[in-house]
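1. model the structure of this input:
(2 chains)
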Amino acid sequence: MAHQIRDLPDRAGETVTVSGWTAAVRVHARVAFVVLRDGTGVVQGVVVKSAVPEEVWTLATTLTQESCVALSGTVRPDPRAPGGHELTVTGVELIGGSEEYPIQPKEHGVEFLLDHRHLWLRSNLQRAGLKVRAEVEQAIHDFLYERDFVRVDTPILTGAIGESAGTLFETDYFGERAFLAQTGQLYVESACPAFRRVYCFGPTFRAEKSKTRRHLTEFWMVEPEVAFADSNDNMDLQEAFVCYLVRRALERCKAELEVLGRDVTRLESVVPPFPRISYSEAVERLNAEGREFEWGRDLGAVEEATISSWFDRPVFVYNYPKEAKAFYMKENPDDLRTVLCNDLLAPEGAGEIIGGSQREDDHDRLLARIHEEGLPEEAYDWYLDLRKYGTFPHSGFGLGLERTVGWITGRPHIRELVPFPRLINRLTP
RNA sequence: UCCCGCGUAGCUCAGCUGGUAGAGCAGACGGCUGUUAACCGUCUUGUCGCAGGUUCGAGUCCUGCCGCGGGAGCCA
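-> So this is what the prediction gives:
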């Protein structure tokens, strides 16, 4: 078994073999440099012509970019090496050769890179971003597990449910119409009486024809749901959750954030409490700034950007007008024009990363809302059942993984924060 | 769906008020003990997105279509 590059600093003076892929090969007259990446780190192998057999020199100097090789040699500390250590090569074994590698160490266009996404994954920025994603995913599970949430996996293939059928991907299910899930919420609500605190975490699908840096047609969303939690409890949970995710990235992805050039001081200020501003207050303040925003309209991208610019950390905007929000949100008893809900807007232009609400738990009011929205009552009969058999106050939210990781990493487009992005015009690779 | 911008070599791009195709990188060969996207020299590479139009002549101007990027709406 080959050694890991990560462990080489502890093995100075030892003879080791490391296997990996050649990030770069630089050949001079009597010395050659082979930069090897193995997934745990990067090390530069130094091949001195006079010190190795001729076949080792010949093989080493004809290696192409992204060949898979095993390098044997002695670990040697060297201040000139990027990682502080180098490998004085004594042997080279070619495991898998590489033809002319498409991605050069230079600027490329987005379309070209996405066409070569299966190879692009190997590059520094992409590895760093996806590593942060994996850490945040793990942190999501850890946070919720530590707080006694039970993970409930919800179906991806569904019958006619959801908020509006226009944004659902349709598929054939043995002659019946089926849709790819755009939320697991209705299912986690059902599991709530079984486990009290539940969540689902998986891919969701939106057939929206959006072409922006914040949209994917397939993205991952974590949706916690808590019995006996009101809208304020809900925001408390979101606040603790987001702080935990950011802190985990700061603690365990230092190197990756460095590669990404992220200004971590902006992340270090993400601590409780987050500002909370009601929709009505936000509209008042927007108008005070001369925005001429009419109460009742949903906040657009410009308004959201303005609101988040008022603060140095994520901001809750809560209790939107009923017309702007989904049918299942509970009416605000203090202002019947609004519902008990919240968005969480991340700073630095990242935008909305969470949408949450207290759910309507009264059967008749929920039914009335379904009728108001012109939704088919029969599609929601089982959802209405939850209000007939031991209804209970409960709240939950959905956090978009890619948007959250996009904000934490500071990458401008969330398509880089998912290994194989699905966009309106991209289904491969 | 709407608005704005772009489409030239394998890749990244230049190409002016129209005059018949260029650079860097990659690739091949040669040179150089220490390079960090190495450097130096030589060589190879084109349906200028597609179709039509204006013109003596179109990569360049006009129209349509296609593709891509960004934004709006919608949302996470």
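
2. what's the neighbour count on the closest residue to RNA strand B within the stretch 201-350 of chain A?
-> Closest residue of the stretch 201-350 of chain A to RNA strand B, CB to the nearest atom of the strand: A:Gly300 (2.5 Å). Placement of C-beta: from N, CA and C, glycine included. Neighbours of A:Gly300 under the rule other CB atoms under 10 Å: 10.

3. now name the helix or strand holding A:Trp57.
-> Using DSSP states H and E, A:Trp57 maps to helix A:54-61.

4. mind giving me the packing neighbours of that helix?
-> strand A:15-27, strand A:31-37, strand A:42-48, strand A:85-96 (3 or more CB pairs under 8 Å, 6 or more residues apart in numbering; DSSP states H and E).

5. make CSV from the ones you listed and add mean pLDDT and distance to RNA strand B to it.
-> Below are those laid out as CSV (pLDDT from 0 to 100; distance: least, CB to the nearest atom of the strand, whole Å):
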stretch, mean pLDDT, distance to RNA strand B
strand A:15-27, 92, 4
strand A:31-37, 91, 4
strand A:42-48, 92, 5
strand A:85-96, 92, 5
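
6. need the pLDDT of A:Glu163.
-> We have a pLDDT of 51 for A:Glu163.

7. what do you get for the one 5 residues further on?
-> In the prediction, the pLDDT value recorded for A:Leu168 is 86.

8. touching, it and A:Gln182? I think so.
-> Yes. With contact defined as CB atoms under 8 Å, A:Leu168 reaches A:Gln182; the gap is 5.9 Å.

9. near RNA strand B, which residues of the stretch 151-300 of chain A?
-> A:167, A:183, A:206, A:208-217, A:219, A:221, A:298, A:300 (CB under 7 Å from any atom of the strand).

10. hmm, which of these are the buried ones?
-> A:167, A:183, A:206, A:213-217, A:219, A:221 (16 or more other CB atoms under 10 Å).

11. so what touches stretch A:251-258?
-> By CB atoms under 8 Å, 6 or more residues apart in numbering, the list of residues contacting stretch A:251-258 from outside reads A:127-129, A:131-132, A:135, A:249-250, A:264, A:267, A:409.

12. so what pLDDT did the residue of chain A positioned farthest from its centre get?
-> Within chain A, A:Ser50 marks the point farthest from the mean C-alpha position, 49.8 Å out by CA atoms, centre = their mean. What the model reports as pLDDT for A:Ser50 is 90.

13. please apply the same query to A:Gly109.
-> In this model, A:Gly109 carries a pLDDT of 87.

14. quick one: it and RNA strand B, what's the gap?
-> 3 Å (CB to the nearest atom of the strand, to the nearest Å).

15. and that residue, what does it touch?
-> With CB under 8 Å, 6+ apart, A:Gly109 has no contacts at all.

16. show the backbone phi and psi for it.
-> phi -80, psi 160 (degrees, to the nearest 10).

17. follow-up on the earlier one: just the residues of the stretch 151-300 of chain A next to RNA strand B: which are in helices?
-> Secondary structure from DSSP state H places none of those in helices.

18. so which of those belong to strands?
-> Residues of those located in strands (DSSP state E): A:219, A:221.

19. report the contact partners of the residue nearest to A:Gly41 when sequence neighbours are not counted.
-> Distance criterion CB to CB, 6 or more residues apart in numbering; nearest residue to A:Gly41, sequence neighbours excluded, is A:Ile5 at 3.7 Å. Counting by CB under 8 Å, 6+ apart, A:Ile5 makes contact with A:18, A:20, A:36-38, A:40-43.

20. point out the residues in the stretch 301-429 of chain A that sit beside RNA strand B.
-> A:301-302, A:304, A:324, A:343, A:351-355, A:398-400, A:402-403, A:413-414, A:423, A:425-426.

21. buried ones among these?
-> Buried among those (16+ other CB under 10 Å): A:304, A:343, A:351-355, A:398-400, A:402-403, A:413-414, A:426.

22. number of nearby residues for A:Thr154?
-> 21.

23. residues contacting the residue nearest to it when sequence neighbours are not counted?
-> In this structure, A:Thr154 finds its nearest non-sequential neighbour in A:Gly184, 3.3 Å apart by CB to CB, 6+ apart. Going by CB under 8 Å, 6+ apart, A:Gly184 touches A:152, A:154, A:200, A:202, A:204, A:221, A:223.

24. hey, what's the last one bridged with?
-> So that's A:Glu223. Beta-bridge pairing for A:Glu223 (DSSP bridges): A:Cys200.

25. how near is it to A:Arg147?
-> Look at A:Glu223 and A:Arg147: by CB to CB, to the nearest Å, they are 15 Å apart.

26. okay, those two: which has more neighbours?
-> Each of A:Glu223 and A:Arg147 has its neighbours counted (other CB under 10 Å); A:Glu223 has more, 24 against 15.

27. make sure that one is actually in contact with A:Gly396.
-> Yes. With contact defined as CB under 8 Å, A:Glu223 counts as touching A:Gly396 (6.2 Å).

28. common neighbours of the two, please.
-> Residues within reach of A:Glu223 and of A:Gly396 at once, by CB under 8 Å, 6+ apart, are A:185, A:188.

29. wait, a strand at the residue farthest from the centre of chain A?
-> No. Using DSSP: H, G, I helix; E, B strand; the rest coil, the assignment for A:Ser50 is helix, not a strand.

30. what's the spacing between it and A:Asp7?
-> Using CB to CB, one gets 29 Å for the distance from A:Ser50 to A:Asp7.

31. and if you look at A:Glu137?
-> Taken as CB to CB, the span from A:Glu137 to A:Asp7 is 26 Å.

32. compare these two (neighbour count), which wins?
-> A:Glu137 (16 against 13).

33. nearest residue to the more buried one in space, please, no chain neighbours.
-> Closest residue in space to A:Glu137, ignoring its immediate chain neighbours: A:Leu401 at 6.9 Å, by CB to CB, 6+ apart.

34. now the helix or strand hosting A:Ala368: mean pLDDT?
-> Assigned by DSSP H and E, A:Ala368 falls within helix A:363-372. For helix A:363-372, the mean pLDDT works out to 93.

35. may I have it as PDB, with CA atoms only?
-> C-alpha atoms of helix A:363-372 as PDB (Å, rounded to 0.1, in the frame of the first residue of the first chain):
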ATOM      1  CA  HIS A 363     -57.800  21.900   9.500                       C
ATOM      2  CA  ASP A 364     -60.500  24.300   8.300                       C
ATOM      3  CA  ARG A 365     -58.100  27.200   7.800                       C
ATOM      4  CA  LEU A 366     -55.700  25.000   5.900                       C
ATOM      5  CA  LEU A 367     -58.500  23.800   3.700                       C
ATOM      6  CA  ALA A 368     -59.600  27.300   3.000                       C
ATOM      7  CA  ARG A 369     -56.100  28.300   2.000                       C
ATOM      8  CA  ILE A 370     -55.900  25.300  -0.400                       C
ATOM      9  CA  HIS A 371     -59.200  26.500  -2.000                       C
ATOM     10  CA  GLU A 372     -58.000  30.100  -2.100                       C
END
